[in-house]
Structure formats: C-alpha cells, structure tokens
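S.K.: Provide a 3D model corresponding to the input given below.
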Amino acid sequence: MKHRIVLIKYILLSFFSVLSLILPSCSADNFDERDVSIIPTPQIIVLYGPGGLGDQGYMDCILSGVQMFKRKHYSEVDMYQYSPSTMEEAARLVNDWLSLPQSNVPALFVVASSDYELLITESLSRHSLTNNKRMLMFENDTHLDLPVTIFQMSMYGASYLAGVTAAEYVRNLGEDTGTKNALILLAHPNDKTIAKSGVGFKAGFDSAAPDAVAYTEYLADDWTGYASAQTAYQRMSKWSKDYAFVFPVAGGSNQGIFRYTREYPDSPLTAGMDIDQSGLSRNIMGSVIKHIDKVVFDFMETWLSTGELPESTVFGLESGYVDWILSPRYSQYQSIVDKARQEAIRKEVSEL
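M.R.: This next block holds a predicted model:
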C-alpha cells in the first residue's frame with residue numbers, strides 16, 4: 001500500500017501544479033503586478049531489484065550512489081525508493097506510475113535491475129511516457145527499441161583479467177594438488193550481462209592455462225539465483241573437490257561461497273564482485289569492481305540539471321567505471337594483470 005500512497009501524493013502534486021498554471025495571475029500592489037507561479041519539485045523513483053538490497057555488493061553499491069545524490073540534492077528533489085519482494089509488486093508500481101497523466105512535474109523512474117527488462121517492455125507497450133517523464137534502465141541491451149535511456153557496464157574486460165590471474169595461479173599449483181580447473185558460477189542463464197562476464201573470464205583463463213578448463217554452472221533458472229546464498233554454500237562442498245578456482249557472478253548468493261571459504265580455508269580461491277570484497281575472505285584473490293554508484297550519481301545529476309538523460313551507452317574496462325583489483329594478499333600477480341590489460345580492453349571492444 002505504501003507505493004500507492006506515494007503515487008496519490010504524486011497525483012495531488014501534479015494537480016495543484018497544473019492548477020497554478022491555468023488560474024489567472026494575481027495582480028495587486030504588494031505583488032508588483034508580476035505573475036506568481038509555483039515551481040514544481042522534480043521527483044525520482046528508484047526501483048531496486050527484487051530482494052536485492054543487502055547483498056553487500058552490486059545493489060548496495062547502487063543504494064550508496066542514490067543516497068549520495070539524495071544528500072547533495074535533498075532540498076531540490078523528492079525521492080522515493082522501493083525494494084519489492086516480488087515481480088508482481090514491481091509491476092504494479094511501474095504500471096501505476098506510467099498510468100499517471102501528464103503534468104508539469106519533472107519525473108524520473110530509475111529501473112535499477114536488469115531483471116525488469118520484460119516487465120518494462122510489456123508496460124511500455126501499453127503506456128506511453130508522457131512529456132514530463134523519463135526512464136533510466138540498468139544493465140539491459142542498449143539496442144532495445146524503447147523510449148528510455150539504458151546503460152550497461154561490461155564486465156568482459158575486467159573478468160578477462162580475473163581469468164588471466166586465476167590461470168596463473170592454477171599453473172603454479174603443484175602436481176599433487178588435484179584439479180586445476182575453474183568454475184564460472186552464474187546466477188541464471190537469462191542475464192546477458194553476467195553471461196558476458198563468464199565469457200570474458202573463460203577467454204582470459206583459456207589464454208593462460210591451456211591445460212585446464214573453465215566450466216559454467218547456474219544457481220537457478222530466474223532472478224532467485226541472485227538470492228540463493230544457502231544453496232551456493234551447500235554446493236561448495238562438491239565444488240571444492242572439483243575446482244581450484246570459483247568465479248561467482250551471482251549477486252547476494254556469492255555470500256554463501258565467501259562464508260564457506262572462511263569456514264574451510266583449504267577451499268578454492270574465488271573472486272569478489274561489484275565492490276572490493278577482499279575483506280570478506282582470505283580466499284578472495286581480487287574483485288571485479290563496478291563503480292555503479294558513480295554512474296547512478298552522474299546520470300541523475302545530468303537529468304536534474306538538464307531535464308534529459310545522456311544517450312544509452314556501454315561502460316567497459318577503458319571507461320574507469322569497471323576494473324579488476326587484486327586483494328592485498330595476492331599483489332604478486334599485479335605484473336600479470338598489467339601485462340594483460342591492453343589485450344583485455346581490445347577483446348572487450350571487439351565484443352561490444
């Protein structure tokens with residue numbers, strides 16, 4: 001019910017803003033015969049991924065960027081944030097917002113998860129964006145035929161560097177250590193962004209470890225793969241026997257892997273995601289960093305100052321928004337990373 005109360009407030013604000021424009025201007029000595037109008041306060045709605053907040057990674061990094069923007073512009077914009085528990089709840093919020101009539105209130109809807117692609121596509125087929133509304137979508141195909149701005153953060157290049165580093169590690173393992181293979185763990189098979197991350201890691205791994213193999217597995221068939229930490233933890237007992245390195249791209253589910261490596265230090269090395277997670281486990285060799293907090297902040301500032309959003313785009317390793325950062329305990333691999341960086345950028349550009 002909370003989101004309906006917010007939308008009612010939005011409607012009332014829009015009504016009074018329009019009313020102020022159509023009523024005759026007041027004229028009196030104390031007004032100096034000048035027109036008086038109410039300047040509407042811009043509004044931003046942020047829709048986080050279902051069950052995503054609290055992942056200590058990607059979604060929390062988005063929240064950090066939103067909160068940073070809110071602290072700076074608290075007096076200039078009204079902000080509402082939602083973290084739905086189901087897709088149905090998210091759909092109601094999106095469709096209620098799109099159904100609102102046009103007004104003079106500048107409104108931005110931030111779709112902060114790639115899981116909403118189908119929902120947004122279907123909703124926009126039934127509702128048009130009115131002139132006062134703009135929509136920003138995260139991590140979807142920038143070529144979607146939608147009247148919205150979309151950005152992607154390509155993890156291919158940074159993941160390539162992670163693969164090269166992991167390959168150097170397994171090459172140096174002794175013959176009596178068992179497997180030298182790696183596991184690419186993805187949340188589910190329908191997310192193109194994380195799929196490219198897996199492809200990038202495999203390309204880097206294969207280039208430097210020709211005698212080992214990087215296999216791919218999925219935690220689930222849908223978005224729940226991002227919220228299955230317990231499942232990941234339980235499967236680690238088997239993965240620890242089969243793989244020397246686990247590259248997890250599964251949102252909050254990664255916490256199950258990190259927990260297992262803390263409890264069993266002899267388990268495979270792994271990688272942090274989205275933020276520097278080296279402090280979560282001694283087995284984290286490095287982290288694929290996505291400065292999505294800065295991206296979110298920059299996009300919202302552009303909209304607030306101009307009323308428009310930048311063109312849809314893809315940010316990769318070369319942009320500085322994405323990178324592979326080694327954990328301090330594994331700094332000996334820095335020269336390997338530096339040597340492979342330009343090749344990672346070249347390969348990523350060819351993939352975009």
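
S.K.: ok, residues contacting stretch 80-87?
M.R.: Applying C-beta atoms under 8 Å, 6 or more residues apart in numbering, the external contacts of stretch 80-87 come out as 3, 6, 43-53, 63, 66, 90, 93, 115, 119, 223. For glycine as for every other residue, the C-beta is placed from the backbone atoms N, C-alpha and C.

S.K.: if you set the cut-off to 10 Å instead, what comes out?
M.R.: Applying C-beta atoms under 10 Å, 6 or more residues apart in numbering, the contact partners of stretch 80-87 are 2-3, 6-7, 9-10, 43-54, 59, 63, 66-67, 70, 89-94, 97, 110, 112-113, 115-116, 118-119, 222-223.

S.K.: Only the buried residues of it, if you could.
M.R.: Of the residues in stretch 80-87, 80-81, 83-84 count as buried by neighbour count, 16 or more other C-beta atoms under 10 Å.

S.K.: again with stretch 122-139
M.R.: Using 16+ other C-beta under 10 Å as the test for burial, stretch 122-139 gives 123-124, 129, 132-139.

S.K.: so the closest residue to E168 other than its chain neighbours, which of the three states?
M.R.: Closest residue to E168 apart from its sequence neighbours, by C-beta to C-beta, 6 or more residues apart in numbering: I336 at 5.1 Å. Three-state call for I336 (DSSP: H, G, I helix; E, B strand; the rest coil): helix.

S.K.: List the contacts of I336.
M.R.: Shown in contact with I336 (C-beta under 10 Å, 6+ apart): 161, 164-165, 167-169, 208, 326.

S.K.: Strands of this protein, residue ranges please.
M.R.: Using DSSP state E, the strands found in the chain span residues 43-48, 78-82, 107-112, 133-138, 149-153, 182-186, 214-218, 245-249, 269-274, 284-290, 313-315, 322-326.

S.K.: distance between the last one and the chain's centre?
M.R.: In other words, strand 322-326. 16 Å (C-alpha atoms, centre = their mean, to the nearest Å).

S.K.: Return the alpha-carbon coordinates of that strand using CSV.
M.R.: Taking Å, rounded to 0.1, in the frame of the first residue of the first chain, the C-alpha atoms of strand 322-326 are listed here in CSV:
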residue,chain,number,x,y,z
VAL,A,322,34.9,-1.1,-14.2
ASP,A,323,38.1,-2.8,-13.2
TRP,A,324,39.8,-5.9,-11.7
ILE,A,325,41.5,-5.1,-8.4
LEU,A,326,43.8,-7.6,-6.7
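
S.K.: What angle do strand 284-290 and that strand make with each other?
M.R.: Put simply, strand 322-326 runs at 160 degrees to strand 284-290, going by axes from the mean of the first three to the mean of the last three C-alpha atoms, to 10 degrees.

S.K.: Pull up the pairing partners for strand 322-326, direction included.
M.R.: Here strand 322-326 has these sheet partners by DSSP bridges: strand 284-290 (antiparallel).

S.K.: Let me know the average pLDDT across the strand it pairs with.
M.R.: Mean per-residue pLDDT for strand 284-290: 96.

S.K.: How about Q234: what's its closest non-neighbour residue?
M.R.: In this structure, Q234 finds its nearest non-sequential neighbour in G256, 7.7 Å apart by C-beta to C-beta, 6+ apart.

S.K.: Around the one you found, count how many other residues there are.
M.R.: Counted by other C-beta atoms under 10 Å, the residues lying close to G256 total 20.

S.K.: Kindly provide the distance from it to N172.
M.R.: Counting by C-beta to C-beta, to the nearest Å, the gap from G256 to N172 is 27 Å.

S.K.: Equivalent analysis for D211, please.
M.R.: Going from D211 to N172 by C-beta to C-beta gives 13 Å.

S.K.: Common neighbours of the two, please.
M.R.: When contacts are counted by C-beta under 10 Å, 6+ apart, D211 and N172 are jointly contacted by K180.

S.K.: Once you drop chain neighbours, what's closest to the residue nearest the centre of the chain?
M.R.: Residue closest to the average C-alpha location in the chain (C-alpha atoms, centre = their mean): Y58, at 5.4 Å. Leaving aside its sequence neighbours, Y58 sits nearest to D274 (C-beta to C-beta, 6+ apart; 4.0 Å).

S.K.: Give me the residue ranges of this protein where confidence is low.
M.R.: Low-confidence segments of the chain (pLDDT under 70): 1-37, 174-176.

S.K.: do that again at 50, thanks
M.R.: Low-confidence segments of the chain (pLDDT under 50): 2-36.

S.K.: can you give me the helices in it?
M.R.: Along the chain, the segments classed as helices by DSSP state H run 2-22, 58-73, 87-99, 117-126, 156-171, 192-208, 229-242, 254-263, 292-306, 334-351.

S.K.: Out of these, indicate the one that is most buried.
M.R.: Mean neighbour count (mean count of other C-beta atoms under 10 Å) peaks for helix 156-171 among the helices of the chain, with a mean of 27.

S.K.: by how many degrees do that helix and helix 192-208 diverge?
M.R.: Relative orientation of helix 156-171 and helix 192-208, computed by the same axes, to 10 degrees: 40 degrees.

S.K.: Would you mind pulling up the elements that helix 156-171 packs against?
M.R.: Here helix 156-171 touches strand 182-186, helix 192-208, strand 214-218, strand 245-249, strand 269-274, strand 284-290, strand 322-326, helix 334-351, going by 3 or more C-beta pairs under 10 Å, 6 or more residues apart in numbering; DSSP states H and E.

S.K.: send the alpha carbons of it over as PDB?
M.R.: In PDB, the C-alpha atoms belonging to helix 156-171 read as follows (Å, rounded to 0.1, in the frame of the first residue of the first chain):
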ATOM      1  CA  TYR A 156      34.100  -8.700 -20.000                       C
ATOM      2  CA  GLY A 157      37.400  -6.900 -19.800                       C
ATOM      3  CA  ALA A 158      37.700  -7.000 -16.000                       C
ATOM      4  CA  SER A 159      36.600 -10.600 -16.000                       C
ATOM      5  CA  TYR A 160      39.200 -11.400 -18.600                       C
ATOM      6  CA  LEU A 161      41.900 -10.000 -16.300                       C
ATOM      7  CA  ALA A 162      40.400 -12.200 -13.500                       C
ATOM      8  CA  GLY A 163      40.600 -15.200 -15.700                       C
ATOM      9  CA  VAL A 164      44.300 -14.500 -16.600                       C
ATOM     10  CA  THR A 165      45.100 -14.100 -12.900                       C
ATOM     11  CA  ALA A 166      43.300 -17.300 -12.000                       C
ATOM     12  CA  ALA A 167      45.100 -19.200 -14.800                       C
ATOM     13  CA  GLU A 168      48.500 -18.000 -13.500                       C
ATOM     14  CA  TYR A 169      47.500 -19.300 -10.000                       C
ATOM     15  CA  VAL A 170      46.500 -22.800 -11.200                       C
ATOM     16  CA  ARG A 171      49.600 -23.100 -13.400                       C
END
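
S.K.: Before I go, just wanted to say thanks for your time.
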